[in-house]
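# this one's structure only:
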């Protein structure tokens, strides 16, 4: 099924707000075999919205629209939707009750703006927003569907998964069953992986296909299957995953679509291990990635951001003379930081970084982008040096990812 | 000047990669009075790209295109640009030398893919890419301009600022001078600020206008001036900023466009103060925000991520009996964490958080989203409790922002 995404909002066109809804929608729908043919951002302007809808329906059967709703924007999008789909704005009692409940739950008072949210085009079916006051609206015309959703990412993300996708699947796909399997693969580059799986991939049964979704240092393999016979599909998918495990062995680090920190978390939890972090140039970002995973308190004890030399020496026990001899950005210091934080916080494992994120602080021997990182698990230790090109934010992000990959490698 | 952005890339339409180039471009061009009328993402498909260009030129004089270049994608975008603008693919010697240099600088070897980057449409003027192998290309047709840029954010961001914007300004605006002034304002909500400045704003000289760019807890005021007389413009802008300082007084916390952590950093550096962080539910994200600012080692000493209770007690000296009495998510614990990290790392200031990021861990007294935060500077301490709705990532992001605002408030 082809679909289009329309993002409505002046704030996105001026760059004040980064649209993340379109990416979220695409990530959710692509696995169902749905294909976005266009993502389009337009102004809060009736004609621009009207034209975008017209053009979207010219190339696709479904339009998912986000934004242009909410108390201060209602006056443009909703009348435009009325103009396109017919009908007029009417007071909807169920929506009014939902708005009241949401507002009361936030300990706020209804005002004229929020009250107006209950006015909806008579040509739509309302999907009540469980997270906010702007109602979701389902429109149909000539067999095509437009769903209008709020611009607030948290609201659209929640409602898309809970209500919009199930309703779209029911509307368009009622007799086909869809299943996914995810495998996260490391230690092999994409082209080598593709060669390894080439033969196997050609023998995939009809309706089942494999997608490669490479990320830095890790490849997400996604197997998507569609069939009328659910039982056959499930057993085929199980068989294929077992085959992939046989072919790829230890390269497969996880059977779920998880970020690196989540994969590490699962291994730590499964093996009953705890971990900590000692960060210099990554400045807390590794701890942030680890703790972004729900349930990370099961294995993450804590961390030290040792930005100044003093903190490395006094808190982590890094040797002052080693810093003088080898430099603060060195294998020795990274390893002592990992060992030190394990001792300090009593953890089984740790990961540590020390480097120059830039733009200042580089030297001929240690240019900007040089990062030493170490990972420790029990008595085992691995360390590596990376030279990461680019600006400060890129060095921090890449060093975080590389350090997590290093920790993963020692846990395998 | 109206312009359009076209983002080329299958990987964005399937949601694998989040487009950030369009937002970056818009943030850079909006202050020049340039208006994006549409941002459009299309597939790596010749006809889709051709149609998007056609449509972009129907509504705007300039198209900025990103993506669809690079070693493995060249075969679609460049021939399409040839088809649209005429000419044929030719070998460009200057581009070949640039590609060689870039590849050599990365200690890699030229292969057929990278060598092919030197083939460019004869109808374009090349802007050499200083950060990567894909050349930037400037096309003109009927007085309209299209600039094709790489998809890699680091390359496009760098080259846009260094080369593309100056060349666009020279091409379109040669006799007008543009100046900006930025003021960051806190402690007043947008509607109240707009009322305060209403009268003043109406008296702004022609060619100078004020934009409100609200962020959570902070409002970015941007004054943009365009005039042929540079001297007059500079003195007018200076006068207007001085008037804004008179009207808004201590509400103005910074005279630059900086993120919250940068504003705090400037104040700390100016006053010769140091700071540290003690984080529970924010898990290192505050330290990450602080250290994302270049030069933060001038004032940021380090931090402790005290995820487990033990770390709060042993490292930060939080009283075990107070945790038992008041709970780990409490004013007392947040304040003891801030005090403890100041003592441990010998800093003047600190910020601390303790809360429930969810989805698990909530109780009737302390539901998910409850966050206590404290900020300390010298002998002064402020603390507050926030109830943040939404999922785990949102609670962490909002708590980080609120904690930084709290720290800013005690520094003012």
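Nice, I can see it. Because the structure is a prediction, the values reported are computed rather than measured. Residues are numbered from 1 along each chain as shown, chains lettered A, B, ... in the order given.
# ok, residue A:373 - contacts?
A:334, A:351-355, A:383-386, A:399, A:402-403, A:406 (C-beta atoms under 8 Å, 6 or more residues apart in numbering or on different chains). For every residue, glycine as well, the C-beta is placed using N, CA and C.
# now those residues as JSON lines including neighbour count, secondary structure and pLDDT?
Converted to JSON lines, the contacts of residue A:373 look like this (neighbours: other C-beta atoms under 10 Å in any protein chain shown; DSSP: H, G, I helix; E, B strand; the rest coil; pLDDT from 0 to 100):
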{"residue": "A:334", "neighbour count": "29", "secondary structure": "helix", "pLDDT": "98"}
{"residue": "A:351", "neighbour count": "33", "secondary structure": "strand", "pLDDT": "98"}
{"residue": "A:352", "neighbour count": "37", "secondary structure": "strand", "pLDDT": "98"}
{"residue": "A:353", "neighbour count": "30", "secondary structure": "strand", "pLDDT": "98"}
{"residue": "A:354", "neighbour count": "30", "secondary structure": "strand", "pLDDT": "98"}
{"residue": "A:355", "neighbour count": "28", "secondary structure": "strand", "pLDDT": "98"}
{"residue": "A:383", "neighbour count": "17", "secondary structure": "strand", "pLDDT": "98"}
{"residue": "A:384", "neighbour count": "16", "secondary structure": "strand", "pLDDT": "97"}
{"residue": "A:385", "neighbour count": "14", "secondary structure": "strand", "pLDDT": "97"}
{"residue": "A:386", "neighbour count": "18", "secondary structure": "strand", "pLDDT": "96"}
{"residue": "A:399", "neighbour count": "28", "secondary structure": "helix", "pLDDT": "97"}
{"residue": "A:402", "neighbour count": "19", "secondary structure": "helix", "pLDDT": "96"}
{"residue": "A:403", "neighbour count": "30", "secondary structure": "helix", "pLDDT": "98"}
{"residue": "A:406", "neighbour count": "21", "secondary structure": "helix", "pLDDT": "97"}
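# residues in contact with the nearest residue to residue A:393 once chain neighbours are set aside?
Spatial nearest neighbour of residue A:393, chain neighbours left out: residue B:292 (6.3 Å); criterion: C-beta to C-beta, 6 or more residues apart in numbering or on different chains. Contacts for residue B:292 (C-beta under 8 Å, 6+ apart) come out as A:283, A:392, A:393, A:396, B:259, B:261.
# Mind checking the pLDDT average for the helix or strand encompassing residue A:214?
Assigned by DSSP states H and E, residue A:214 belongs to strand A:208-215. Averaged across strand A:208-215, pLDDT comes to 88.
# Please look at residue A:49 and residue A:10 and confirm they touch.
No: Residue A:49 lies out of contact with residue A:10 (C-beta atoms under 8 Å); the separation is 11.8 Å.
# end-to-end on stretch A:210-223?
5 Å (C-alpha to C-alpha, to the nearest Å).
# For it, list every residue counted as buried.
Judged by neighbour count using 16 or more other C-beta atoms under 10 Å in any protein chain shown, the buried positions of stretch A:210-223 are A:210, A:212, A:213, A:217, A:218, A:219, A:220, A:221, A:222, A:223.
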